[in-house]
Structures are given as structure tokens and as C-alpha cells.
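Asks: Predicted model follows, preceded by the sequence.
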Amino acid sequence: MDIAGSHVLLTGATGGIGSVLAARLTAQGARLTVSGRQEQALKATANACGAGAVVADLAVRSDVVRLAETCAEADILVANAALPASGDLVDYTEEQIDRALDVNLRAPVLLSRLLTEHMVARGRGHIVLVGSISGKAATKSTSLYNATKFGLRGFALALRQELRGTGVGVSLVQPGFVRDAGMFADSGAATPNGIRTVTPGQVADGVVRAVRRDRCEVNVAPLELRLLSAIAGQFPGFAERVQARADVDGAVRQIVEAQRSRR
């Protein structure tokens, strides 16, 4: 599907990946609407890209419906918003659990449902769900985040099959470890075993490629991480034993503490 001239709704537009995505989609000729919950940061992104802006907190269910109604004419949804949701489950309050599930999983599912109806009626459209390699492989102290990203992956792959033949495509873009944004940028922790990282620009390239080529799944990660996540997905017991022997506890604690305020 062509991005040029299409109305694109981008959620999570104020983060490191989101702002790069906004710039890249604008450069591709999109008529862009950006969304986020931090009004000042959202306005800055919108002004930089000449985009429309809708302030919405995706943990507030009425905000999700309002966003979908405001952007009912969107040809492309790029559901990028997510909370880090790192840390052991026992450290989370019920409210924090609900917020992570709402933002990371319920909101993209509902936005897809509400916007797809209009796309199918027009006979064209595309849904891009930005997930994570954590949707393929479980790791310590990410049980809640893994749950949302595993769920998002299953939803995306099944929805794609449901919409086959309607003119509406569905793609899942799964970044690996991203430098200059996300958990390693937040915490300054080193990546496990020196595994290479990708840039926000590479993630944006993956989103553009997914839309243009109607790709089912785009894994934006170096070869070694793609192989490791594939093995972990097929052999979780083996992956658990390997991770238990790796010395990552310090880095994990550093990441969790850096992201605690964002729950």
C-alpha cells in the first residue's frame, strides 16, 4: 500500500521511536495524525512534522474510542504506543497491571477493531502493530510485558488471516534491543552478552517496508537475536536454562529501576 497521500494515525508519537516514526512517515508523504498523552511533547512532534494531533491516554478506555472516532478516516494505523512493564509481577499493583494490559494490548486491539470497520468499507487500509522480540521469547522480570507482546503477536497474525481478501493488510513489526530509545537508553544498562542493537530509524524502515510490501511479520533485529528468539520460542525450557546461567541480574535490576516510574 502506498503511504504517500494516505491518512496515517500514529500512536505513541512522543517517545524515541515514535518521533522518528513521525518524521519518517511524513517524509514518505503521509497525511499524519499523531497521538500521545503528553500534550506539550505531542504538540512539538506535530509541529515538527506538520501533523494533526489528538491527545489521548490509551489507558483510559473512553479516550481510545474518542481517538478512533476522531480518526475514522485513517487509511493506516501504526499502533506504536506501549508501556515498558518491566519488573517482577509481585511488585505491581492491580492498577498498574490494568494500565499495562490496557495500553499495550487492549488499546491496539480496540483501535484495530474500530478503524478496520471503516477500512473494509472503503476496500483499502493497513494496520501496523509495533510489538517486540519479547513477543517471541520470555525473559526474567518481564512477565507482564511478555504477556502483552505475546498476545499482540497472536492477535496480529490471526487478524491478518481474518482480513484476507478485504483490501486491508495487517503487519507485525517486532524490534529487538533498540539503542537511543527504550530500556537501554532509559537505564544505561549493557545489552546481554554484547548482542547488537538497532536504531529507531531501522524500526521506522521496518514499518514502512511492512506497509508497502504488506509483510506479515518484520523482525527488526540482528541475525543472532532473531535466531536466539526463534530457538527460545520453540524450546522455552532450554532458553530458561541458558538464561539462568547468564550473568544478567545486575542489568535487569538497573532496567527495572530506571523504568519503575513509567508503570
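Replies: Sure thing, it's come through.

Asks: Where does residue 166 fall, secondary structure wise?
Replies: Residue 166 is part of no helix or strand when elements are defined by DSSP states H and E.

Asks: doesn't residue 128 make contact with residue 210?
Replies: Yes - contact between residue 210 and residue 128 holds when scored by C-beta atoms under 8 Å: they sit 5.6 Å apart. All C-beta spots, glycine's among them, are computed from the backbone N, C-alpha and C.

Asks: Spit out the residues that contact those two alike.
Replies: Shared between the contact lists of residue 210 and residue 128 (criterion: C-beta atoms under 8 Å, 6 or more residues apart in numbering) are residues 171-173.

Asks: Where neighbours are concerned, which of those residues has the most?
Replies: Per-residue neighbour counts (other C-beta atoms under 10 Å) across these peak at residue 173, which has 28 neighbours.

Asks: ok but that residue is inside a strand, no?
Replies: Yes - the assignment for residue 173 is a strand, going by DSSP: H, G, I helix; E, B strand; the rest coil.

Asks: gap between the two ends of stretch 154-172?
Replies: Between the opening and closing residues of stretch 154-172 there is a gap of 10 Å (C-alpha to C-alpha, to the nearest Å).

Asks: Averaged pLDDT, it. What do you get?
Replies: When the per-residue pLDDT values of stretch 154-172 are averaged, the result is 98.

Asks: buried set for that stretch?
Replies: Residues of stretch 154-172 classed as buried by neighbour count (16 or more other C-beta atoms under 10 Å): 155-156, 159-160, 163, 168-172.

Asks: In helices only, show me those residues.
Replies: Secondary structure defined by DSSP state H assigns 155-156, 159-160 of the buried residues of stretch 154-172 to helices.

Asks: Go through these and name the one nearest residue 121.
Replies: Nearest to residue 121 among those is residue 159, at 16.6 Å by C-beta to C-beta.

Asks: out of everything not next to it in sequence, what's closest to that closest one?
Replies: If the residues on either side of it in the chain are set aside, residue 159 comes closest to residue 170, at 5.0 Å by C-beta to C-beta, 6 or more residues apart in numbering.
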